[in-house]
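Visitor: Sequence and computational prediction follow.
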Amino acid sequence: MGKISSEKIVGEHTTDGRPVQVQQTVWADGGLSYDLIDANTGNSLTTEESFATYPSDNQMKAVLDSLDTFDPADLVAEWERSTKAHYTAAGKLARLIADTLRTQYPSAAYLVLEVGDDETDRDMELFLNRIRDADGAIIKDFEHSDALPPIDPDNPLRHAWGELNPSNAVALLWLLRQLYMAGVQFDELPEDLQREDDTEWLPMCLLLSGEARPHVRESEEDKAARFGPRLMRPYGAIRPSAAKA
């Protein structure tokens, strides 16, 4: 447009909680243009193109939405909030799995998991092993059958699984692998309940009922203290006397 005759602030607004100003520019040839200014810094937010007329609320919002308005000072707090929400949702999913398996097998206390050797593909490391009761007796061996008992279609637990079928071991394993990839921690089967044919020294497990208990080493604090919300422990109580038996 040529030379500028004058510039002045002709409006102040708060858009999405952010204070902004509207600056009017009068050009030497009589033309007008309007820019959006950050009221805190004085920087122009319409760096690519000015408005020909006074911008509407929607136009101002569109400008702000198009900008990277990230405040570095909020990074840690935002990370903490999102991480907390992430593991809270993971914990609810673990509880759903536990409640479903206990509905299918009322005496279920432990879902024992295997970890494979493929370190390059974390989600493919996890496998279903067995379901055991509080005394360690095997209720379900996934090596012999993948079938799980059906859930009543009217049961709220069935609705919670959505399009996934809780009677399908593939669906169960898929959810557990999603949790595993998300960085969660599982408990370990108590040492006194382990069998000679277990696949590893301390098989991982999900505690399915209040009768279940985590493995506790005398020389270490409980996993719940170490991992906090990362630990998927929907049920279970620490009973040191039983753990040391």
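Guide: Thanks, I have the structure now.

Visitor: I'd guessed residue 25 sits against residue 46; true?
Guide: No. Applying CB atoms under 8 Å as the test, residue 25 and residue 46 come out as separate, 10.8 Å apart. Any C-beta I mention is one placed from the backbone N, CA and C, and that applies to glycine too.

Visitor: Specify which residue of these two has the higher count of neighbours.
Guide: Between residue 25 and residue 46, counting by other CB atoms under 10 Å, residue 46 is the more crowded of the two (20 against 16).

Visitor: can you pull the contacts of the more buried one?
Guide: Residues counted as contacts of residue 46 (CB atoms under 8 Å, 6 or more residues apart in numbering) are 35, 36, 63.

Visitor: now residue 108
Guide: Applying CB under 8 Å, 6+ apart to residue 108 gives the contacts 101, 102, 131, 132, 133, 139, 140, 208, 209.

Visitor: burial count for the third one?
Guide: If I follow you right, that is residue 131. 24.

Visitor: picking that back up, so which of the contacts of residue 108 is the most crowded?
Guide: residue 208 (28 neighbours).

Visitor: Can you get me a residue count around the nearest residue to residue 237 once chain neighbours are set aside?
Guide: Distances taken as CB to CB, 6 or more residues apart in numbering place residue 213 nearest to residue 237, at 6.0 Å, with adjacent residues excluded. As a burial measure, residue 213 scores 23 neighbours (other CB under 10 Å).

Visitor: Same check on the one 4 residues further on?
Guide: Residue 217 is surrounded by 13 other residues when neighbours are defined as other CB under 10 Å.

Visitor: Against residue 80, how distant is it?
Guide: To residue 80, residue 217 is 29 Å away according to CB to CB, to the nearest Å.

Visitor: And for residue 63?
Guide: 30 Å.

Visitor: any residues in contact with both of residue 25 and residue 46?
Guide: Residues touching both residue 25 and residue 46 (CB under 8 Å, 6+ apart) are residue 35.

Visitor: for the lengthiest helix in the chain, which positions count as buried?
Guide: As assigned by DSSP state H, the longest helix anywhere in the chain is helix 75-104. Across helix 75-104, burial judged by 16 or more other CB atoms under 10 Å covers 87, 90-91, 93-104.

Visitor: and what of stretch 25-41?
Guide: Buried, per 16+ other CB under 10 Å, within stretch 25-41: 25, 33, 34, 35, 36, 37, 38.

Visitor: contact partners of it?
Guide: By CB under 8 Å, 6+ apart, stretch 25-41 touches 1-7, 9-10, 12, 18-24, 43-46, 50-55, 60, 63.

Visitor: Off-centre distance for it?
Guide: For stretch 25-41, the separation from the chain centroid amounts to 45 Å (computed by CA atoms, centre = their mean, to the nearest Å).

Visitor: what are the ranges of the strands in this structure?
Guide: Under the criterion DSSP state E, the chain carries strands at the ranges 4-15, 18-27, 32-38, 110-115, 126-132, 138-141, 187-188, 204-207.

Visitor: which strands and helices sit next to the first one?
Guide: In terms of contact count using 3 or more CB pairs under 8 Å, 6 or more residues apart in numbering; DSSP states H and E, strand 4-15 is assigned the packing partners strand 18-27, helix 57-66.

Visitor: can you tell which of these is closest to residue 159?
Guide: Of all the helices and strands packed on strand 4-15, helix 57-66 sits nearest to residue 159, with 36.0 Å by CB to CB.
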